[in-house]
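Asks: Fold the following for me, if possible:
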Amino acid sequence: MGCVCSKPLGGRLENISLLASQTFFSETEVEVLHELFIKLTSCVSSYNLITKEGFQFILTKDTKRRSLSAERMFGLFDMRNDGAIDFGEFVHSLNIFHPNSSQRDKATLAFRLYDTRQTGFIEPEEVKEMIIDVLEESEMMLTESIIDSIVSKTFEEADMMKDGKIDLEEWENFVAMHPLTLKNMTIPFLKDLPRTFPSFLQYKSDIDR
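Replies: Numbering: from 1, shown residues only. Presented below is the predicted three-dimensional model:
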C-alpha cells in the first residue's frame, strides 16, 4: 500500500520561480519535484522534511542496517547541516544530478561522497569502505583480494603525487580519463520531468479547471 499525504501542498520553503532561476529546472519541473517531495516526506515524516533515517529508508528501504553511502548522501543533501532536508535543499541537490549539470560539479559531489572522513582527501580505506557498503546493499559479493585490487588500481592511476591520498584536482583528472566513474551522478529523467510524472500534470490541470 502506498503512502498517502495528509498534509496540504502549501508551506513551501522557497519560491518556485526563484528555485527555477537557480537551477536547470523549469517552474513546471520544480512544481513536479514539489509533488514528489511531498509524496516522499508523507512516507517518512510529519513535517515536510526528510530526516537521516527517512532518507535511508527512501534509498534502501531498510533503516536497521547502517548505510554509509546513504549517510554520506544525506550529508550532502543537508546543505544547512541541521539534520533534515527541506524542499529547497532537495531541489538544489538534485540539480547536480541533472543531465545539464557540469561534469565538474558532479565530480566535486562524488569527491565529497567518497571523502567520508571529510579531510579534503580520498584515502584507500574510504574507497574500500564505500565499495563494501555498495556491495552489501546490492547483495553482491567480492573477495577482499578483489576489492583491494580495485582500490589499488584506482590509486595507482589517480594518486599522481604518490602520497597515498587523492585530492580534488587529482580526482577531477581521474574522472576525466574515466567518465563512467560519474555515471551514477546523472539521473536522465530529471531532464524531462513533466513526461516522467504525467499523473501530476493531469491532477494539476483538473485543479486549474
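Asks: Skipping adjacent residues, who's closest to the residue most central in space within the chain in space?
Replies: The residue lying closest to the centre of the chain (C-alpha atoms, centre = their mean) is Met73, at 5.4 Å. The shortest distance from Met73 to any non-neighbouring residue, by C-beta to C-beta, 6 or more residues apart in numbering, is to Leu113 (6.7 Å). C-betas here are computed from N, CA, C, even on glycine.
Asks: secondary structure class for the one you found?
Replies: Following DSSP: H, G, I helix; E, B strand; the rest coil, the label given to Leu113 is helix.
Asks: And for Leu193, the neighbour number?
Replies: For Leu193, the number of neighbouring residues by other C-beta atoms under 10 Å comes to 22.
Asks: Over to Phe74?
Replies: 23.
Asks: got it, and Glu125?
Replies: 11.
Asks: what helix or strand does it sit in?
Replies: Element membership of Glu125 [criterion: DSSP states H and E] is helix 124-137.
Asks: Which is the succeeding secondary structure element to that helix?
Replies: helix 144-158.
Asks: and the angle for that following helix with helix 124-137?
Replies: Using axes from the mean of the first three to the mean of the last three C-alpha atoms, to 10 degrees, the inter-axis angle of helix 144-158 relative to helix 124-137 is 130 degrees.
Asks: so how far is helix 144-158 off the chain centroid?
Replies: Chain-centre distance of helix 144-158: 25 Å, with C-alpha atoms, centre = their mean, to the nearest Å.
Asks: quick one, helices of the protein?
Replies: Assigned by DSSP state H, the chain shows helices spanning 16-22, 27-44, 52-60, 68-77, 87-96, 103-114, 124-137, 144-158, 168-177, 193-196, 198-208.
Asks: Tabulate the ones you listed (TSV), appending distance to Lys183.
Replies: As requested, the helices of the chain are exported to TSV (distance: least, C-beta to C-beta, whole Å):
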stretch	distance to Lys183
helix 16-22	25
helix 27-44	22
helix 52-60	17
helix 68-77	15
helix 87-96	14
helix 103-114	10
helix 124-137	13
helix 144-158	15
helix 168-177	10
helix 193-196	19
helix 198-208	27
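Asks: between those, which one is nearest to Thr186?
Replies: helix 103-114 (7.0 Å; C-beta to C-beta).
Asks: Great, nothing more from me.
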